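Participant: Compute the structure for the input listed below.
(chains A and B)
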Amino acid sequence: MISITTDPIDVAAALKSIESEQAGAIDLFLGVVRDNTQERSVNRLEYEAYDRMAINEMEKIADQAHQRWPILRYTIIHRKGTLQIGEIAVLIGVATAHRADAFEACRYIIDTIKKTVPIWKKEVFMDGEEWVNAHP
Amino acid sequence: MASSVSVLLFGITRDLTGQSKVVVPLSEHTRVIDLLSRLHQDYPALAGIKSLLVAVNGEYAEQDQLIGYNDEIALIPPVSGG
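Facilitator: Residues are numbered from 1 along each chain as shown, chains lettered A, B, ... in the order given. I've put the predicted structure just below:
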């Protein structure tokens, strides 16, 4: 359901894990590593997590989403460690009876993860590196 | 009784201090805000971070929350997952 992994994220397995005969919609969101930020060329990203708390916070987000939308099944998988351009950093999957709920719940989960879950990424450039959001 | 507590460091806080865990002395009345000011004294470089929260036992803590020597404490710099 919710996990943090150093292994590449298996999209097909994640999709399979949220299949439901009651579902009319499955939304999958993939956050992937982009090759640039603010016109600076990115070489790779390094993700780090406070695992115990990150899982705890993601469970809270999933609970909140369950209260707001009729979610049949869901999965949240966040990668950590070193990620290359194009790799999947995070996968959110939500299955609901109707598509509007799946879209909204999926968006809520990823948007809230970005605000509260103790996971950090460092952008590594050709000529330096920087923890994202860390500086004033 | 004099005691201390370990503080877990992640991301930029680990880079700035060069350590993944630091030990901070603790009294019976140490609150989150006291721990933060002590850490800022010991590691002035932490001032360069946009914001710094504290987690106690895996939950975001309020500034006036008391800290016990058995607690798991972590500094939480601005998150950037996703």
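Participant: any idea of the mean pLDDT in the helix or strand containing residue B:35?
Facilitator: Here residue B:35, judged by DSSP states H and E, is contained in helix B:32-42. Averaged across helix B:32-42, pLDDT comes to 96.
Participant: Do a quick rundown of the helices in chain B.
Facilitator: For chain B, applying DSSP state H gives helices covering B:11-17, B:32-42.
Participant: So which of those is nearest chain A?
Facilitator: Chain A lies closest to helix B:11-17 among those, at 3.5 Å (C-beta to the nearest C-beta). For every residue, glycine as well, the C-beta is placed using N, CA and C.
Participant: Run through who's touching the closest one.
Facilitator: Helix B:11-17 is contacted by residues A:48, A:120, A:122, A:131, A:134, B:9, B:20, B:43, B:45-46, B:48-49, B:52, B:75, B:77, B:80 when judged by C-beta atoms under 8 Å, 6 or more residues apart in numbering or on different chains.
Participant: which residues does the one residue in chain B that gets nearest to chain A contact?
Facilitator: Closest to chain A within chain B is residue B:81: 3.0 Å, counting by C-beta to the nearest C-beta. For residue B:81, the contact set (C-beta under 8 Å, 6+ apart) comprises A:47, A:49, A:54, A:78, A:90, A:113-114, A:117-121.
Participant: Give me the neighbour count for the closest residue to it other than its chain neighbours.
Facilitator: Excluding its sequence neighbours, the residue lying closest to residue B:81 (C-beta to C-beta, 6 or more residues apart in numbering or on different chains) is residue A:119, at 3.0 Å. Neighbour count of residue A:119, defined by other C-beta atoms under 10 Å in any protein chain shown: 28.
Participant: Check what pLDDT residue A:119 gets.
Facilitator: Reported pLDDT for residue A:119: 98.
Participant: partners of it in the sheet?
Facilitator: For residue A:119, the beta-bridge partners under DSSP bridges are residue A:49.
Participant: quick one, what contacts it?
Facilitator: Shown in contact with residue A:119 (C-beta under 8 Å, 6+ apart): A:4, A:47-50, A:54, A:78, A:80, A:113, B:79-82.
Participant: In chain A, which residue sits nearest chain B?
Facilitator: residue A:119 (3.0 Å).
Participant: how near is that residue to residue B:19?
Facilitator: Distance, residue A:119 to residue B:19, using C-beta to C-beta, to the nearest Å: 20 Å.
Participant: Tell me the secondary structure of residue A:66, please.
Facilitator: Of the three states, residue A:66 takes helix under DSSP: H, G, I helix; E, B strand; the rest coil.
Participant: now swap in residue A:72 and tell me
Facilitator: Secondary structure assignment for residue A:72 (three-state DSSP): strand.
Participant: Report how many residues lie close to it.
Facilitator: Look at residue A:72: counted by other C-beta under 10 Å, it has 20 neighbours.
Participant: my guess is it contacts residue A:96, does it?
Facilitator: Yes - using C-beta atoms under 8 Å, residue A:72 is in contact with residue A:96, at 5.9 Å.
Participant: what do those two both touch?
Facilitator: Listed as contacting both residue A:72 and residue A:96 by C-beta under 8 Å, 6+ apart are residue A:23.
Participant: before we move on, the earlier item: just the buried residues of the helix holding residue B:35, please?
Facilitator: By neighbour count on 16 or more other C-beta atoms under 10 Å in any protein chain shown, the buried set for helix B:32-42 is B:32, B:34-36, B:38-39.
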